[in-house]
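Visitor: Build me a model:
(one chain, ligands or ions: 1)
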Amino acid sequence: MRPDGRKNDEMRKIEAKVGVIEKADGSAMFKIGNTIAIAGVYGPKPVRPKHLEDPEKVLLKCYYDMYSFSVPERKRPGPDRRSIELSMVIKNALLPAIFVKEYPKSQIDVFVSIVQADAGTRCAAISAAAMALADAGIAMKDIVAAVAVGRVNNEIVVDLTKEEEDIEGTTDMPIAYMPRMKKFTLLQLDGKMPADDIKKALELAKTSCEKIYEIQKKALKDKYLKMRENENKD
Ligand code: CDP
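Guide: Below is the predicted model:
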């Protein structure tokens, strides 16, 4: 039994909402347990500074930020080594889903704010950002869903909490996956794990990402159904 009573293959409660920032071109909120990510997408737009322009494909910029009050011990505001690394990790996990050649000489900015953190923030950030990109109408091959799997007390589990991450000997493996294309776009490993366990964990990540994908699709559909309802009222 896990500390919060979940089964090994059970994720925390998930909520997803699309269209949470009015002024963004696309936006979304993804909540998994006590971890909350909010993503805003701005673009496509001209590249600034211009010398970074790519005549063949889009320039994707990602910014991950964790609010000072999102964690028990206040985080110093502003970028740090961790947020710079996570911004890169998130960008690399999203890029394979985008038709990059559709947007030559253009830039797309993705801002993700972690307003509350209880582990798994990079994965929540990716799940939120993928919905926000789709909401912005960016041409995409697939939606990216992400979740951490790992080994806690010698059991393979999905969606670790901070309490589980802190147990001695825990191995944490954040995964991003495109369910329609059946392709992984992120695999990190923090700790040690035998090859057989990695295989098991990857299978668990796949089935869990497929569940997240359904929630993401529903959130996207819900926004457009609501828009249509409002149009009909006018
Ligand atoms: O969040 P994620 O699991 O993707 O990345 P991490 O760097 O492994 O951080 C794990 C967790 O540690 C975060 O989700 C937070 O709950 C916590 N953390 C914290 O309490 N204070 C920080 N300055 C950074 C992380």
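Visitor: Now do the buried residues in the helix or strand hosting residue 221.
Guide: Element membership for residue 221 (DSSP states H and E) is helix 195-233. Neighbour-count burial for helix 195-233, with 16 or more other Cβ atoms under 10 Å as criterion, is recorded at 197-198, 201-202, 204-206, 208-209, 211-213, 215-217, 219-220, 223. For every residue, glycine as well, the C-beta is placed using N, CA and C.
Visitor: Around the ligand, which positions in the protein sit nearby?
Guide: By Cβ under 6 Å from any ligand atom, the residues of the chain that approach the ligand are 71-72, 75, 82, 117-122, 162, 165, 174.
Visitor: make it 8 Å
Guide: In this structure, the chain approaches the ligand at residues 35, 66, 70-73, 75, 82, 86, 114, 117-125, 148, 160, 162, 165, 172, 174, 190, judged by Cβ under 8 Å from any ligand atom.
Visitor: Quick check, pLDDT for residue 148.
Guide: pLDDT, the model's per-residue confidence, is 98 for residue 148.
Visitor: Please look at it and residue 159 and confirm they touch.
Guide: Yes. In this structure, residue 148 sits in contact with residue 159. The criterion is Cβ atoms under 8 Å, and the distance is 6.3 Å.
Visitor: Overlap of the contact sets of those two?
Guide: Taking Cβ atoms under 8 Å, 6 or more residues apart in numbering as the contact criterion, the common neighbours of residue 148 and residue 159 are residue 120.
Visitor: circling back: can you tell me which of the residues of the chain next to the ligand are classed as buried?
Guide: Of all the residues of the chain next to the ligand considered here, the ones buried according to neighbour count by 16+ other Cβ under 10 Å are 35, 66, 70, 75, 86, 114, 117-125, 148, 160, 162, 165, 172, 174.
Visitor: Narrow these to those in strands?
Guide: Cross-referencing those with the strands (criterion: DSSP state E) gives 35, 66, 114, 148, 172, 174 as the overlap.
Visitor: for the second one, what are its contacts?
Guide: Put plainly, it is residue 66. By Cβ under 8 Å, 6+ apart, the contact set of residue 66 is 75, 83, 113, 114, 117, 121.
Visitor: Now pLDDT too, for the residues you listed, in CSV please.
Guide: As requested, the contacts of residue 66 are arranged in CSV below (pLDDT from 0 to 100):
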residue, pLDDT
75, 94
83, 97
113, 98
114, 98
117, 98
121, 98
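Visitor: quick one, helices of the chain?
Guide: 81-94, 121-135, 162-165, 195-233 (DSSP state H).
Visitor: right, and those helices - which one's nearest residue 185?
Guide: helix 81-94 (4.5 Å; Cβ to Cβ).
Visitor: could you check the angle helix 121-135 makes with that closest one?
Guide: Counting by axes from the mean of the first three to the mean of the last three Cα atoms, to 10 degrees, helix 81-94 points 50 degrees away from the direction of helix 121-135.
Visitor: So which elements touch helix 81-94?
Guide: If contacts are counted by 3 or more Cβ pairs under 8 Å, 6 or more residues apart in numbering; DSSP states H and E, helix 81-94 sits against strand 59-66, strand 106-116, helix 121-135, strand 183-187.
Visitor: Show residues contacting the shortest one.
Guide: In this structure, residues lying in contact with strand 183-187 by Cβ under 8 Å, 6+ apart are 89, 92-97, 126, 142, 144, 146, 173-178, 202.
Visitor: Please identify the buried residues of that strand?
Guide: Within strand 183-187, the residues scored as buried using 16+ other Cβ under 10 Å are 184, 185, 186.
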